[in-house]
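**Q** A structural model of the following input is requested.
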Amino acid sequence: MTTVRRGAAAFAAAAVLCTAMAPAAIAAPSPTPTPAPVIPAGLYGTKDPTYDGVWRQSLAFIAQRTQGVQPAAQAVAWLSGQQCESGAFASYRPDPAKPCDPATMLDTNATAVAVQALAAVKPGSTDRAAQEKLGKAVDAAAGWLKGVQNKDGGWGYNPGSPSDANSTSIVIGALAALGQKPGEVKSAEGRTPYDALLSFAIPCATKDGAGAFAYQPDKNGKLLANADATAAAALAGIGKSIAARSVTPAQAPTCTDLAEPTVERAARNGASYLAGALAGTGHLNTPPMPGATDPTPLPDHGNTADAVVALAASGATKEAEGAFAWLRQNSAAWAKENGPAAYAQLVLAANAMRTDPRAFGSVDLVKELNATGPAPQAVPSATPSASEGAGDSGSFDVWWIIGIGMVVGVGIGFLVSGRKK
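**A** Numbering: from 1, shown residues only. From the prediction side, this is the model:
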C-alpha cells in the first residue's frame with residue numbers, strides 16, 4: 001500500500017527545528033504572511049503540491065476506480081500532463097509546458113504510482129486516439145522504470161540512488177498492476193526486484209525486528225525494522241499492488257527462516273511482524289521528530305492503513321480486523337486534515353477488507369475523496385461487487401463495460417505512486 005507522503009511536512013518541520021536552534025540576536029521583523037499555494041485546475045487537494053502533487057492525484061484515482069468512480073477529464077488531463085517525454089514523472093511540475101531537463105528531479109515512486117493510475121482509468125471504447133495515447137503513456141512509464149533499475153535489481157527514490165525497500169516495493173506493485181511478472185524484470189547483472197527486496201529482510205532469528213523489513217541498511221550495514229517498509233514489502237513480496245483485496249483461505253501469519261530464503265516467505269514473515277506490532281494498540285506508531293520535547297510516539301494512521309492492506313492481501317484478514325476497526329473509529333479527523341491521499345489510503349484499506357468505504361464509521365470516504373477534486377464524471381450509487389472492484393492486476397474492465405454509456409469520450413489517462421521513507 002501506499003503511505004501519504006511526508007516530504008513537505010518533514011521539510012517544514014526541519015525548517016522549524018533549525019529556526020528554534022538558531023541563537024537569538026536581534027528581534028526579528030514581523031513575519032510576512034505566507035501566500036496560499038496556487039492549486040492548478042484539475043488537481044486534488046488544497047495544500048502545496050510541490051512534494052506530492054502526482055502522488056496524491058494518482059492515489060486518489062486508484063482508490064476511486066476500486067469503487068467504480070470515473071474521475072473528471074480535467075483531473076485526468078492534469079495528471080497525464082505531468083509526464084515527461086521519457087515516460088518518467090517528477091513529484092510535481094508547476095509548468096508542465098516546459099520540457100523536462102537534466103535538472104528535473106525524476107521520481108520513481110511518483111512514476112510507479114502514476115502508471116497504475118494510467119492503467120486504471122480508460123477512455124471510451126470508441127475514442128481510439130485517446131486509447132492509443134493512454135497505451136503509449138503506460139508503456140513509456142513502465143519502460144522508464146525498467147531502464148533505471150539498479151544493479152541489485154531494486155530502485156531508489158530517485159534514479160541512480162541506492163535501492164530501498166519502499167521504492168522497490170512500489171515499482172513491483174506497478175509492474176504487477178500492469179499484468180507483468182516482476183520476477184522476470186532483471187538488471188544487466190541478472191538481479192530481480194525480488195533479489196533486492198530479500199536484501200532488506202530481517203531474519204526471524206533476530207532478537208529485534210524479527211521478520212520485518214528495513215528501509216535500507218544503516219551506515220554500519222545493519223538492518224533495522226521499519227513498519228512502513230515492512231507493509232510495502234509484505235505486499236510486494238506476494239506480487240500484489242496497492243489495490244489488492246483479501247484472499248481465501250485464511251492464512252495466519254508466521255515467521256519462519258528457510259535454508260534458501262524466498263521472497264514470498266520473507267513477505268509472510270513481514271506480515272507476521274505487522275500482526276504482532278498491531279496486536280497491542282490496533283495501530284502502528286510514528287517515531288517522534290528529531291528534537292521533539294515529547295518522545296511519546298503518535299499513532300500512524302497511514303502506515304496502519306497500509307498494514308491492513310498487506311495483511312488482508314496475504315490472507316491474514318483476521319489479524320487485520322483490529323487495526324481496521326481502529327481506523328474506522330479514529331481516522332476521520334486525520335483524513336480531513338491530510339486530504340486526498342489520506343482518504344485514498346482508507347478507501348484502499350476498506351477495499352482490501354471487502355467492506356463499503358461509504359459506511360466507514362460515520363464517514364462516506366468515497367464522497368469525501370471525490371470532494372477534494374473536480375466532480376467525477378461517473379459515481380455509482382453503490383459499492384461495486386468483488387468482480388467489479390480493482391483486482392490485483394489493476395484492471396477495471398468489468399465496471400467500464402457496465403458504465404460505458406456514461407463515460408464514452410472521457411479521454412486520457414494517468415499515473416500512480418511513490419513512497420517516502
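
**Q** show me what contacts Lys336?
**A** Contact analysis of Lys336 by C-beta atoms under 8 Å, 6 or more residues apart in numbering lists Glu368. Using the backbone N, CA and C atoms, a C-beta is placed for each residue, glycine as well.

**Q** for Thr46, that is, sorry about that
**A** Taking C-beta under 8 Å, 6+ apart, we find Thr46 in contact with 37, 39, 339, 372.

**Q** which SS class is the last one?
**A** If I follow you right, that is Thr372. coil (DSSP: H, G, I helix; E, B strand; the rest coil).

**Q** coming back round to it: a markdown table please, covering the contacts of Thr46 and showing neighbour count, pLDDT and secondary structure.
**A** Listed next are the contacts of Thr46 as a markdown table, based on neighbours: other C-beta atoms under 10 Å; pLDDT from 0 to 100; DSSP: H, G, I helix; E, B strand; the rest coil:
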| residue | neighbour count | pLDDT | secondary structure |
| --- | --- | --- | --- |
| Pro37 | 12 | 80 | coil |
| Ile39 | 15 | 92 | coil |
| Gly339 | 21 | 97 | coil |
| Thr372 | 20 | 98 | coil |
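
**Q** stretch 296-314 - what's its average pLDDT?
**A** What stretch 296-314 shows for mean pLDDT is 95.

**Q** just stretch 128-141 next, same as before
**A** For stretch 128-141, the mean per-residue pLDDT is 86.

**Q** now swap in stretch 50-60 and tell me
**A** On average, stretch 50-60 scores 97.

**Q** out of the contacts of Thr46, who's nearest Val347?
**A** In terms of C-beta to C-beta, no member of the contacts of Thr46 lies closer to Val347 than Thr372, at 11.8 Å.

**Q** ok, back up a step: need the contacts of Thr46 in JSON lines with distance to Ser362, can you?
**A** Formatted as JSON lines, these follow (distance: C-beta to C-beta, whole Å):
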{"residue": "Pro37", "distance to Ser362": "30"}
{"residue": "Ile39", "distance to Ser362": "28"}
{"residue": "Gly339", "distance to Ser362": "19"}
{"residue": "Thr372", "distance to Ser362": "18"}
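
**Q** low-confidence bits of the stretch 101-250 of the chain, can you list those?
**A** Flagging of the stretch 101-250 of the chain using pLDDT under 70 yields the residue ranges 122-126.

**Q** can you show me the helices along it?
**A** 108-120, 128-147, 165-177, 193-198, 227-236 (DSSP state H, counting those that start in this stretch).

**Q** for Ser80, find the nearest of these.
**A** So among the helices of the stretch 101-250 of the chain, helix 128-147 is nearest, using C-beta to C-beta, at 6.2 Å.

**Q** tell me the buried residues in that closest one?
**A** In terms of neighbour count (16 or more other C-beta atoms under 10 Å), helix 128-147 has its buried residues at 130-131, 133-134, 137-138, 140-142, 144-146.

**Q** now that helix, how far from the centre of its chain.
**A** 20 Å (C-alpha atoms, centre = their mean, to the nearest Å).

**Q** now for it, which elements pack on it?
**A** With contacts taken as 3 or more C-beta pairs under 8 Å, 6 or more residues apart in numbering; DSSP states H and E, helix 128-147 sits against helix 108-120, helix 165-177.

**Q** any chance of those in CSV, with distance to Pro96 and mean neighbour count too?
**A** Converted to CSV, the helices and strands packed on helix 128-147 look like this (distance: least, C-beta to C-beta, whole Å; neighbours: other C-beta atoms under 10 Å):
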stretch, distance to Pro96, mean neighbour count
helix 108-120, 13, 32
helix 165-177, 21, 31
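
**Q** Ala60: which of those is closest?
**A** Among the helices and strands packed on helix 128-147, the nearest to Ala60 by C-beta to C-beta is helix 108-120 (8.5 Å).

**Q** elements contacting the closest one?
**A** helix 53-66, helix 73-80, helix 128-147, helix 165-177.

**Q** my guess is Cys204 contacts Thr256. True?
**A** Yes - here Cys204 reaches Thr256: they are 6.2 Å apart, a contact under C-beta atoms under 8 Å.

**Q** who's more crowded, the two?
**A** Neighbours around Cys204 and Thr256, counted as other C-beta atoms under 10 Å, are more numerous at Cys204. The numbers are 18 against 11.

**Q** how far away is the residue lying closest to the more buried one once chain neighbours are set aside from Ile62?
**A** Sequence neighbours aside, Cys255 is the residue nearest to Cys204 in space, at 3.9 Å (criterion: C-beta to C-beta, 6 or more residues apart in numbering). Note on Cys255: its distance to Ile62, by C-beta to C-beta, to the nearest Å, is 30 Å.

**Q** comparing those two, which residue is more hemmed in?
**A** Ile62 (32 against 22).

**Q** wait, the more buried one sits on Ala344?
**A** Yes - in this structure, Ile62 is within contact of Ala344 by C-beta under 8 Å, at 6.9 Å.
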